[in-house]
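Student: Prediction below, plus the sequence it came from.
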Amino acid sequence: MFRNALEPWHVLILVAVVVLIFGSKKLPDTARALGKSMRILKSETKAMKDDGAPNEPPPEPEPAPGPGTIKH
């Protein structure tokens, strides 16, 4: 059903419609705003990933008490 759904002439028509809707004067501003939004999104997702993984190694566990040791 969707075989060869996106052919080169589809892309050409899509570009023509976008130019007609936004106009050639606003396209650079729109592309710049989209790029800036993508950079912000990328930096925020990287920050979220970094929050989950600490930079320091986890502390070493204390040795387990021996069989006759009483813990206070």
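Tutor: Yep, it's here.
Student: Which parts of this protein are helices?
Tutor: In the chain, the segments counted as helices under DSSP state H are 8-22, 27-52.
Student: Let me know the average pLDDT across the longest one.
Tutor: Translated: helix 27-52. For helix 27-52, the mean per-residue pLDDT is 89.
Student: cool, and the shortest one?
Tutor: Regarding helix 8-22, the rounded mean pLDDT is 87.
Student: where does it sit relative to the chain's centre, distance-wise?
Tutor: Distance, stretch centre to chain centre, for helix 8-22: 27 Å (C-alpha atoms, centre = their mean, to the nearest Å).
Student: do stretch 9-25 as well
Tutor: 27 Å.
Student: before we move on, back to that, ok, which of the helices of the chain comes nearest Pro61?
Tutor: Closest to Pro61 of the helices of the chain is helix 27-52 (C-beta to C-beta; 21.3 Å). Every residue, glycine included, has its C-beta placed from N, CA and C.
Student: Just name whatever secondary elements that closest one is in contact with.
Tutor: Packing partners of helix 27-52 (3 or more C-beta pairs under 8 Å, 6 or more residues apart in numbering; DSSP states H and E): helix 8-22.
Student: if we look at the helix it packs on, which residues are touching it?
Tutor: Helix 8-22 is touched from outside by 27, 30, with contacts defined as C-beta atoms under 8 Å, 6 or more residues apart in numbering.
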